[in-house]
Structure formats: structure tokens, C-alpha cells
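Trainee: sharing a model prediction with you, sequence too.
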Amino acid sequence: MTIATGLATGHAPQPELAKQAVQDALKKAGVEFAHSVLLFLTPEFANDPQPALLAASRAANCTAINGCSAAGIFTEQGWVQDRPAAAAMVFGGDTRLMPAHDLAPEALALSLSTPGAATPAWFAEHSQRLGGIAGDATGQGRFKVWCGGRVSHHGHCELAIQGARATTGVSLGVLPLGSPLEITQASGYDVLTLDQQPALHILAHNLPPAMREQERIPLHLIMVGTTFGDPSTAIGAGRFQLSPIISANMDDHSVTLSVRLEAGTNMFWALRQPQAAEQEMIRTLDQLQQEVAAPDFGLMFSCIGRGPAFYGGEDRDLELVRQRFPGMPLIGFYGNGEIAPLHGASQLLQYSTALGLFSVDV
């Protein structure tokens, strides 16, 4: 197998970390050079990643260094969020990363972007995307994306994965609080009523008893799910998109969301709960394994809000993938949004984990 990963950590964002990660990956892959490299760096590199990209290029003896900086990075070896680090996946055989200029519409595009560059127009260019948004939970900071060994001035990078077949899955990882209800009154970002009742009353009524007894509603753990198609079956079929809640308003008993939803839209409340997320990740892996029993490598993109802090100090999503596919080369990062194909189109998700499993063509 000529695809492998390397993970290097240090006390300072030195280019040598990128060099070491690539060298370790080359050694595991049993090759002297790579045709292309996927390189993820921690935030400490974001101000000026070019020296690290050059070091990775020299170590790999190729210029096709692609990737981004992110709030945290990982490989099958483990995760890093609290110190400078570099993660690399090298491609040394017939499988390689190529510019996606001539990618067929139905083919998967590996997509990396800064928060400001992930526009609706950019998303519409490919219906099948897998990737993530470089950034932290606020979407702020000097996060960078690079293609072909240089920082992208457009803020995004699109790649074709040549010589491998992809199978993708998503774990949205929430516990629904009640069934979808129709929005009967909305104004801007405020949902005023659901099924002719005050939105905040519906939310409070659907909360678990322990949360209803708290002085304040834990809004950071609650999402709104917007359904597609028949609302009676949408949750079970996974036909919904999640968005955060901004505030609960006591004056008019409305709820302010991060997205505009019109009257007539069906929505439900959902709770971000570690146990529910872990169980859905298991179901996602079950489904993927039915399609690809022994993948050759994997790419995974997780929300910074669903990493080790969410699971109490251990990334259960990463651990479940490692248990299911022991020894499989895997690389990814924790970002400010996850990109995956859902409902026939590329979707920008929140608080989710997107996983791609790849089988090398023979």
C-alpha cells in the first residue's frame, strides 16, 4: 500500500514538523517520494504556512501539497488540538490528488475552504463534495487553504481523487426533541410560532425534564432541524439540515436562529448529546461497511464542537473508525463546518462528522 500518514508535534510551529510528518508517512508507505500530499496544520502555522509547505514539498519531492490549517488535526495515530502539529497523507502509487478543473459533475470533489469563501455559488459548482471549513467555532482567525504548494488566494481548494472509489457517510449526531412542526409565523431570523403556538413554549416543553429545571436553557446544545420532503418520515430518513440557535427571547417568546426560515417550513428541535452522536456514528459505520468492507484509506472532517471536548476528553468518532478499520490510513481535521453530499447536493453541515472511505482501483 503506497498511501500512509504521518503525525508530528512540537513546541513551536517549525517547518520541520511538516517535513517530519511527510517523512514518516513516506517511510510507512514504503516509497521514496509522493505524487501528491494532503497536509493539515494547526492554527499556529496559519499566519505564514509557506515555509512549512516548502519543507513538505522538499520532503515529498513533489509540489502537489494540498490542505489547510484548522483548529485541530488528526490521523489514525491520534488527535492534536493543544500544540503545534502537522498531519500528512502521502499518495505514492497510482492514486493521487489532482486539480478538479475537469471533474465530472457526478464525481466527488475533495473540498477545503475558509469560512468566507464557502459561498452558495461555489457549492453549486459540484453536487458531490466532501471536506471541511478551515476555522474555529467562531469562524474567525487567520486560517489558510493551500493547493499545489501555495496558499490559495481564493480561499478554497478543490481536488479530484484519482484512482480510487469513494463511499461517503455523515453522522449528524443529534437527539430529536419531538416531531417536525410547521412554522406558522416568522420574521427575519426569528421564529415566532410553531403550529400556532409560541416557539419558545414549544422548545421548553420538548426539553428533557432535567433541562427544564435549569435556570437557563442550554442553547449551545440545542439545534434546529429543517426537514426535506415528507416531514413525518424526514427524521428517520435523515432528510434534514441542522442550524444553531442564537437566542431565546422572553419578550415575545420567539427563538432567533442562525438562518432565515419562512412560514410554512417544517422544523424540529434537536439536542446535541454525546450518547446520541456516538450511536449514530456506529450506525453510519454499519452502513458504510456494508458498501465497502475493507477500505484502503479514509478522510474524515469533524466539527470543532464535536471533538474531544464534546466527548469528555476522547474523540469517540475517531476511536470508532479506528476500531472498525484497524490500520487504515486516516487523516482529517476539526473545523468550522463539514461538507458532504446529502439529498443529491453538497451540504454545509454543523456539529457533524463527515467520513469518506476510499478503495484503490486495481
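Mentor: Yes, it's here.
Trainee: now the closest residue to Pro208 other than its chain neighbours: how far from Leu242?
Mentor: Excluding its sequence neighbours, the residue lying closest to Pro208 (CB to CB, 6 or more residues apart in numbering) is Leu271, at 7.4 Å. For every residue, glycine as well, the C-beta is placed using N, CA and C. Distance, Leu271 to Leu242, by CB to CB, to the nearest Å: 11 Å.
Trainee: common neighbours of those two, please.
Mentor: Listed as contacting both Leu271 and Leu242 by CB atoms under 8 Å, 6 or more residues apart in numbering are 174, 223.
Trainee: please report the distance of the residue nearest to Pro208 from Gly305.
Mentor: The value you get for Leu271 to Gly305, if CB to CB is used, is 13 Å.
Trainee: for Asp317, same thing?
Mentor: 12 Å.
Trainee: who has more neighbours out of the two?
Mentor: Using other CB atoms under 10 Å, the more surrounded residue of Asp317 and Gly305 is Asp317, with 30 against 19.
Trainee: so the more buried one, which of the three states?
Mentor: Taking DSSP: H, G, I helix; E, B strand; the rest coil as the rule, one finds Asp317 in the helix state.
Trainee: what of Arg83?
Mentor: coil.
Trainee: and the spatially closest residue to Thr95 that is not a sequence neighbour, what does it touch?
Mentor: With CB to CB, 6+ apart as the criterion, Thr95 has its nearest non-adjacent residue at 3.9 Å, and that residue is Gly163. Going by CB under 8 Å, 6+ apart, Gly163 touches 93-96, 360-361.
Trainee: do that again at 6 Å, thanks
Mentor: When contacts are counted by CB atoms under 6 Å, 6 or more residues apart in numbering, Gly163 touches 94-95, 361.
Trainee: from those residues, which has minimum pLDDT?
Mentor: Ranked by pLDDT, those bottom out at Asp361, which has 83.
Trainee: ok, that one - contacts?
Mentor: Gly163 are the contacts of Asp361 under CB under 6 Å, 6+ apart.
Trainee: so how far is Pro329 from it?
Mentor: 16 Å.
Trainee: which ones are touching the residue lying closest to Cys68 once chain neighbours are set aside?
Mentor: Leaving aside its chain neighbours, Cys68 sits nearest to Ala134 (3.9 Å; criterion: CB to CB, 6+ apart). Neighbouring residues of Ala134 by CB under 6 Å, 6+ apart: 68-70, 114, 143, 145, 335.
Trainee: from those residues, which would you call buried?
Mentor: By neighbour count, with 16 or more other CB atoms under 10 Å, the contacts of Ala134 hold 68-70, 114, 143, 145, 335 as buried.
Trainee: check the residue lying closest to Val174 once chain neighbours are set aside and give its pLDDT.
Mentor: Once flanking residues are discounted, Val174 sits nearest to Ala270: 3.9 Å by CB to CB, 6+ apart. pLDDT recorded at Ala270 is 94.
Trainee: list the contacts for Ala270?
Mentor: Ala270 touches 174, 176, 223, 225, counting by CB under 6 Å, 6+ apart.
Trainee: so which helix or strand takes in it?
Mentor: For Ala270, the host element (DSSP states H and E) is strand 266-272.
Trainee: that strand pairs with which strands, parallel or anti?
Mentor: strand 174-187 (antiparallel), strand 222-227 (antiparallel) (DSSP bridges).
Trainee: show me what the lengthiest helix in the chain is packed against.
Mentor: Ranked by residue count, the top helix of the chain under DSSP state H comes out as helix 274-291. Contact here means 3 or more CB pairs under 6 Å, 6 or more residues apart in numbering; DSSP states H and E; on that basis helix 274-291 packs against strand 164-171, helix 316-324.
Trainee: in whichever helix or strand Ser232 is part of, which residues are buried?
Mentor: Assigned by DSSP H and E, Ser232 falls within helix 231-237. Across helix 231-237, burial judged by 16+ other CB under 10 Å covers 231, 234-235.
Trainee: just those now: which is nearest Met1?
Mentor: Lowest distance from Met1 to the buried residues of helix 231-237 (CB to CB) belongs to Ile235, with 39.4 Å.
Trainee: for the nearest residue to the closest one once chain neighbours are set aside, list each beta-bridge partner.
Mentor: Nearest residue to Ile235, sequence neighbours excluded (CB to CB, 6+ apart): Pro176, at 5.2 Å. Note on Pro176: beta-bridge partners Ala270, judged by DSSP bridges.
Trainee: which ones are touching Pro176?
Mentor: 235, 268, 270.
Trainee: any idea of the pLDDT on it?
Mentor: So Pro176 comes in at 93 (pLDDT).
Trainee: any idea how far Gly327 is from it?
Mentor: Using CB to CB, Pro176 is found at 36 Å from Gly327.
Trainee: what does Val90 give?
Mentor: Distance from Val90 to Gly327, by CB to CB: 16 Å.
Trainee: out of those two, which sits in the more crowded spot?
Mentor: Applying other CB under 10 Å to Val90 and Gly327 shows that Val90 carries more neighbours, namely 32 against 8.
Trainee: the more buried one touches Val37, doesn't it?
Mentor: Yes - using CB atoms under 6 Å, Val90 is in contact with Val37, at 5.4 Å.
Trainee: quick one: the helix or strand following the helix holding Ser232 to strand 266-272, angle?
Mentor: Downstream of helix 231-237, the next assigned helix or strand under DSSP H and E is strand 240-249. Interaxial angle of strand 240-249 relative to strand 266-272 (axes from the mean of the first three to the mean of the last three CA atoms, to 10 degrees): 80 degrees.
Trainee: and the helix or strand just after strand 240-249, what other elements does it pack with?
Mentor: With elements assigned by DSSP H and E, the helix or strand that comes after strand 240-249 is strand 254-257. Strand 254-257 sits against strand 190-194, helix 199-206, strand 240-249, with contacts defined as 3+ CB pairs under 6 Å, 6+ apart.
Trainee: many thanks, I have nothing further to ask.
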